[in-house]
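Asks: okay, sequence plus prediction incoming.
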Amino acid sequence: MAMWTEGWRSRFQAAAETRFDVLIIGGGITGAGIALEAARAGLQVALVEQNDFASGTSSWSSKLVHGGLRYLASGDWRLTRESVHERQRLMRDLPGLVEPLDFMLPVYVHDKPGRAALGAALGLYDLMAGKRYSHYMTPATFGMHMPYLDRTDLKGGFVYRDAVTDDVGLTLRVLIEAAAHGALAANYVRADELIFEHDTVAGARVTDRETGAAFDIRAASVINATGPWSDALRERVDGRPQLRPLRGSHFVFPFHALPVARAVTLFHPDDRRPLFAIPWQGATVFGTTDLDHEQPMDEPPRMSADESDYLIAAVRHYFPSRDLYAADAFSAFAGVRPVVRGEPGASASEESRESAIDVEKGLITVTGGKLTTFRVTAHDVLERVGQVLGRQFTRNTAAPIIHAGTTAAGRGVRPRPAYAAMPAAADDATRLGTTDYCLRELRFALVHEAVAHLDDLMLRRTRAGLLLCKGGLQQLPQIEPLVRDALGWDSARWDREVERYLAHWQAVHAPA
Ligand SMILES: Cc1cc2nc3c(=O)[nH]c(=O)nc-3n(C[C@H](O)[C@H](O)[C@H](O)COP(=O)(O)OP(=O)(O)OC[C@H]3O[C@@H](n4cnc5c(N)ncnc54)[C@H](O)[C@@H]3O)c2cc1C
């Protein structure tokens with residue numbers, strides 16, 4: 001059990017009599033952000049996550065901490081300004097975890113919007129950041145930076161700046177920070193039922209999915225931060241469904257298959273929807289789609305054959321010399337946007353990405369929003385918590401995310417004291433396959449980051465399962481001793497975990 005979740009069961013049970021100020025249901029970026037801000041405000045906070053932390057939408061985003069040029073195009077200036085502001089703060093507060101990334105934006109002869117409109121939009125984008133980043137390049141210079149991009153009819157293109165992250169790393173980092181401020185967080189604990197006192201929500205009956213034990217957690221204020229699952233909890237307070245779950249899918253290609261040294265924004269040749277190719281963790285992420293997700297939410301989302309064809313058509317159109325097919329990808333992944341349904345007849349892309357807060361029988365539900373704006377969402381929620389508790393919280397927008405004692409190490413997500421103090425092993429520097437992860441990092445995650453299953457390690461504490469052939473099948477024997485040693489698994493447990501992980505990978509991440 002990880003340092004920051006250690007002893008949670010007894011602490012939760014002991015607290016059953018005293019009751020928490022805030023119980024957060026859902027351990028994605030939204031729940032993590034609220035936990036941090038609430039704990040920072042001095043509240044007693046508990047957070048439960050039914051699977052692994054960040055295993056919902058917060059691991060399957062496009063990994064961008066961005067203003068969202070697209071929102072600017074749709075006239076949503078407030079959201080863009082807010083997001084640009086947050087991007088600047090996160091880059092400042094979390095170096096190594098939220099990193100600036102230059103984007104190339106090619107302009108072709110018949111493109112709409114053309115150079116003038118794009119230039120104006122990017123000028124505005126820079127103005128919001130208070131820094132001039134964007135500039136225009138001739139086709140020759142542009143081509144030098146993006147050698148495999150099709151240059152037929154290329155007029156030139158822009159460079160502008162946004163930022164990139166590891167979405168899971170960000171969520172974990174925020175949770176670890178919340179724990180440093182006293183919050184208690186547990187993964188694999190599901191809220192099954194809400195507890196009511198005088199027709200007002202006063203806690204939740206939860207199940208520890210690792211042991212099957214059920215117990216109550218009581219709190220003065222209960223927050224439903226379950227993202228695309230939020231309508232299910234709202235049913236218990238007679239809330240009418242309000243979500244329009246929208247799926248977005250990505251491919252992860254080996255860098256040599258789709259070599260982009262900088263990110264590139266493209267418009268799909270069929271419907272002009274924006275797409276990105278992003279250099280990420282030594283590979284290239286290409287996506288995304290935006291369509292109604294009609295599968296049940298108890299099944300993990302996966303890329304459909306139509307989405308695969310749609311993305312491959314675009315990548316082949318813009319990078320014809322790479323001759324890419326789905327089978328060339330390392331992996332695929334899909335996530336479901338927890339978007340609040342807007343006007344009837346709106347297309348998927350027209351739906352607003354703003355967050356929304358509802359209070360029903362005391363249950364505070366928060367949905368929508370973006371990874372980028374998690375702090376703003378957390379402050380909005382805390383305001384509602386204040387109304388429930390009869391307290392007023394000042395928006396602490398100036399406080400940096402990083403706690404003094406937990407400066408970044410590794411890829412920027414590790415609390416350094418524990419990382420540095422961990423005993424050295426001879427193979428610490430050995431890389432996991434072709435990834436950048438070294439075995440010391442894996443050992444650290446196993447001991448300090450609440451790993452309960454092999455998929456937690458392969459898909460979230462590291463993203464190696466997305467960055468290696470067949471989910472890293474060949475690398476599993478290499479990590480078996482260190483996983484078994486850290487988690488005390490016997491060989492039968494290891495075999496079961498391998499079977500579980502590979503079956504999941506094949507069903508959800510195999511590119512097809
Ligand atoms: C394809 C795609 C691309 C995106 N790209 C970007 C991007 O580049 N930049 C950006 O800023 N945003 C992006 N977003 C948006 C962003 O990813 C989401 O807004 C954000 O991750 C939502 O986080 P969340 O915590 O609200 O939901 P989730 O991450 O889904 O967390 C909710 C959690 O609640 C848990 N849960 C559900 N029911 C229960 C229960 N009963 N008990 C306990 N736990 C429960 C779930 O297991 C889940 O982990 C993207 C989204 C998608 C889908």
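Replies: Sure thing, it's come through.
Asks: contacts, neighbours, all on C-alpha from now
Replies: OK.
Asks: distance check, the nearest residue to residue 508 once chain neighbours are set aside against residue 437.
Replies: Nearest residue to residue 508, sequence neighbours excluded (C-alpha to C-alpha, 6 or more residues apart in numbering): residue 302, at 5.2 Å. To residue 437, residue 302 is 25 Å away according to C-alpha to C-alpha, to the nearest Å.
Asks: contacts for the host helix or strand of residue 222, please.
Replies: Using DSSP states H and E, residue 222 falls within strand 214-224. Here strand 214-224 makes contact (C-alpha atoms under 8 Å, 6 or more residues apart in numbering) with 12-13, 15-16, 19-26, 195, 201-208, 230, 233, 362-366, 385, 388-389.
Asks: please indicate which of the residues you listed are buried?
Replies: Among the contacts of strand 214-224, those scoring as buried are 12, 15-16, 19-26, 195, 201-204, 206-208, 230, 233, 362-366, 385, 388 (criterion: 16 or more other C-alpha atoms under 10 Å).
Asks: can you flag which of those belong to strands?
Replies: Assigned to strands by DSSP state E, the following of the buried ones among the contacts of strand 214-224 qualify: 20-25, 195, 201-204, 206-208, 363-366.
Asks: tell me what the helix or strand harbouring residue 482 is packed against?
Replies: Per DSSP H and E: residue 482 is located in helix 476-487. Here helix 476-487 is seen to pack against helix 439-448, helix 491-508 when contacts are counted using 3 or more C-alpha pairs under 8 Å, 6 or more residues apart in numbering; DSSP states H and E.
Asks: average model confidence for that helix?
Replies: Helix 476-487 shows an average pLDDT of 97 in the prediction.
Asks: do the same with stretch 162-177
Replies: 95.
Asks: same check on stretch 248-262?
Replies: The pLDDT scores in stretch 248-262 average 97.
Asks: now the end-to-end length of that stretch.
Replies: 22 Å.
Asks: tell me which residues of it are tucked away?
Replies: By neighbour count on 16+ other C-alpha under 10 Å, the buried set for stretch 248-262 is 248-255, 257-262.
Asks: re earlier: the strand holding residue 222 pairs with which strands, parallel or anti?
Replies: strand 20-25 (parallel), strand 200-208 (antiparallel), strand 363-368 (parallel) (DSSP bridges).
Asks: got a markdown table for these, with mean pLDDT and distance to the ligand too?
Replies: Converted to a markdown table, the strands paired with strand 214-224 look like this (pLDDT from 0 to 100; distance: least, C-alpha to the nearest ligand atom, whole Å):
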| stretch | mean pLDDT | distance to the ligand |
| --- | --- | --- |
| strand 20-25 | 97 | 5 |
| strand 200-208 | 96 | 8 |
| strand 363-368 | 95 | 6 |
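Asks: just put those in TSV and tack on distance to residue 287.
Replies: Shown next, in TSV, are those (distance: least, C-alpha to C-alpha, whole Å):
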stretch	distance to residue 287
strand 20-25	29
strand 200-208	35
strand 363-368	20
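Asks: so which of these comes closest to residue 476?
Replies: Across these, residue 476 has its closest neighbour in strand 200-208 (27.8 Å, C-alpha to C-alpha).
Asks: what residues does that closest one touch?
Replies: By C-alpha under 8 Å, 6+ apart, the surrounding residues in contact with strand 200-208 are 23, 188-196, 213-222, 361-363.
Asks: quick check: buried residues in the helix holding residue 482?
Replies: 476, 480, 482, 483.
Asks: and the nearest residue to the third one once chain neighbours are set aside, what does it touch?
Replies: This points to residue 482. In this structure, residue 482 finds its nearest non-sequential neighbour in residue 443, 6.9 Å apart by C-alpha to C-alpha, 6+ apart. Each residue near residue 443 by C-alpha under 8 Å, 6+ apart is listed here: 482, 483, 486.
Asks: closest to the ligand out of the residues you listed?
Replies: residue 483 (23.6 Å; C-alpha to the nearest ligand atom).
Asks: strands of the stretch 1-150 of the chain, residue ranges please.
Replies: Taking DSSP state E, counting those that start in this stretch as the test, the strands found in the stretch 1-150 of the chain are 20-25, 45-49, 64-65, 98-108, 135-137.
Asks: chain center to the last one, what's the gap?
Replies: Okay, so that is strand 135-137. In this view, strand 135-137 has its centroid 31 Å away from the chain centroid, taken as C-alpha atoms, centre = their mean, to the nearest Å.
Asks: what comes up buried for it?
Replies: For strand 135-137, burial by neighbour count (16+ other C-alpha under 10 Å) applies to 136, 137.
Asks: other SSEs contacting it?
Replies: Using 3+ C-alpha pairs under 8 Å, 6+ apart, strand 135-137 is in contact with strand 154-165.
Asks: which residue is nearest the middle of this protein?
Replies: With distances taken as C-alpha atoms, centre = their mean, the chain has residue 58 as the residue nearest its mean C-alpha position (2.8 Å).
Asks: and it, how far is that from residue 396?
Replies: Computed as C-alpha to C-alpha, the residue 58 to residue 396 distance reads 24 Å.
Asks: show me what stretch 285-296 is in contact with.
Replies: With contact meaning C-alpha under 8 Å, 6+ apart, stretch 285-296 is reached by 62, 244-253, 275-279, 301, 307, 311, 336, 348-349.
Asks: what subset of those residues is buried?
Replies: The neighbour-count test (16+ other C-alpha under 10 Å) marks 62, 244-253, 275-279, 301, 307, 311, 336, 348 as buried among those.
Asks: gap between the helix or strand harbouring residue 376 and the chain center?
Replies: Using DSSP H and E, residue 376 sits in helix 374-389. Centre-to-centre, helix 374-389 and its host chain are 21 Å apart (C-alpha atoms, centre = their mean).
Asks: other SSEs contacting it?
Replies: By 3+ C-alpha pairs under 8 Å, 6+ apart, helix 374-389 packs against helix 29-40, strand 214-224, strand 363-368.
Asks: where along the stretch 51-200 of the chain do the helices fall?
Replies: Ranges of helices in the stretch 51-200 of the chain, per DSSP state H, counting those that start in this stretch, are 69-73, 77-93, 115-129, 139-145, 167-180.
Asks: which among the strands of the stretch 1-150 of the chain is found nearest to residue 84?
Replies: Ranking these by proximity to residue 84 (C-alpha to C-alpha) places strand 64-65 first, at 8.6 Å.
Asks: now do that closest one: everything it contacts.
Replies: Taking C-alpha under 8 Å, 6+ apart as the rule, strand 64-65 contacts 87, 98, 162, 163, 164, 165, 371, 372.
Asks: kind regards, and thank you for your time.
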